[in-house]
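*Asks:* what follows is a predicted structure for the sequence shown.
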Amino acid sequence: MPSETPRRRETADDFRDVQPRTSSRRQLLTAAGVAAAATVAGCLSGEDSESSSSNDVDACSTWATNHGDGSLLNQGAHVEVDDENVVLVIPLQRDRIEQSGAAYVEAYRRGRDSSAFAIPVRAEHEPNAPQGKYPDSGIIEYEQSLGPRPQNGVYRLDGVTSDGTVVDTVTVEFNCARRRENGNETARIDPGETDPHS
């Protein structure tokens, strides 16, 4: 496969007006990865997927938009619920980590210039994704806890080399709400979070 094309690091101005890209092969691959993950995770890209528990119904939705030109992040980053905790899952194919030279995935919350967290990634890590969860094999799932549900947010994920070169990027929007038995949805809104549709 051809080597990844380095991209310039996006500024806050680039990130402020996120618009979905037109249909492309990459978008289809991203959607396929998210949909495959949704089968196991209970989160379906662009739709609410509900699973019942004894006291409430959990609803999670994930959208991947504004994808870069690389192939590192096209497996469908998404959110999952682990009991009361919302987890961001970033699946990466081991071969693409090696080919891109990525050393980290840095996450930026919408409207903020500094990274929220950085996840070290290594091609030497063993694939840990359940068989059949993703269309491709050799997938390593990196996870980041986002806190107790409900959670909502917009993150830009950058695949970055050790010298700071951005080799791929994708924006992930998500809502993970808790719907109580009386039908009222609850959602935690971070005071610093900007409405992605405003």
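*Replies:* It's in.

*Asks:* gap between residue 133 and residue 69?
*Replies:* In this view, residue 133 and residue 69 are 25 Å apart by CB to CB, to the nearest Å. Where you see a C-beta, it was placed from the backbone N, CA and C, and this is true even at glycine.

*Asks:* looking at those two, which is more packed in?
*Replies:* A count of neighbours by other CB atoms under 10 Å puts residue 133 above the other of residue 133 and residue 69, at 19 against 12.

*Asks:* pretty sure that one is in a helix, no?
*Replies:* No: applying DSSP: H, G, I helix; E, B strand; the rest coil, one finds residue 133 to be coil, outside a helix.

*Asks:* my guess is it contacts residue 139. True?
*Replies:* Yes: counting by CB atoms under 8 Å, residue 139 is a contact partner of residue 133 at 7.4 Å.

*Asks:* number of residues surrounding the residue lying closest to residue 168 once chain neighbours are set aside?
*Replies:* Distances taken as CB to CB, 6 or more residues apart in numbering place residue 70 nearest to residue 168, at 2.9 Å, with adjacent residues excluded. Here the number of neighbours of residue 70 (other CB under 10 Å) works out to 24.

*Asks:* so how far does stretch 127-142 reach from one end to the other?
*Replies:* Start-to-end span of stretch 127-142 (CA to CA, to the nearest Å) is 10 Å.

*Asks:* wait, stretch 60-79
*Replies:* Using CA to CA, the distance between the terminal residues of stretch 60-79 is 7 Å.

*Asks:* circling back to that earlier point, wait, is the residue nearest to residue 168 part of a strand?
*Replies:* No: read with three-state DSSP, residue 70 is coil and lies in no strand.

*Asks:* quickly note the distance from it to residue 97.
*Replies:* Residue 70 sits 11 Å away from residue 97, going by CB to CB.
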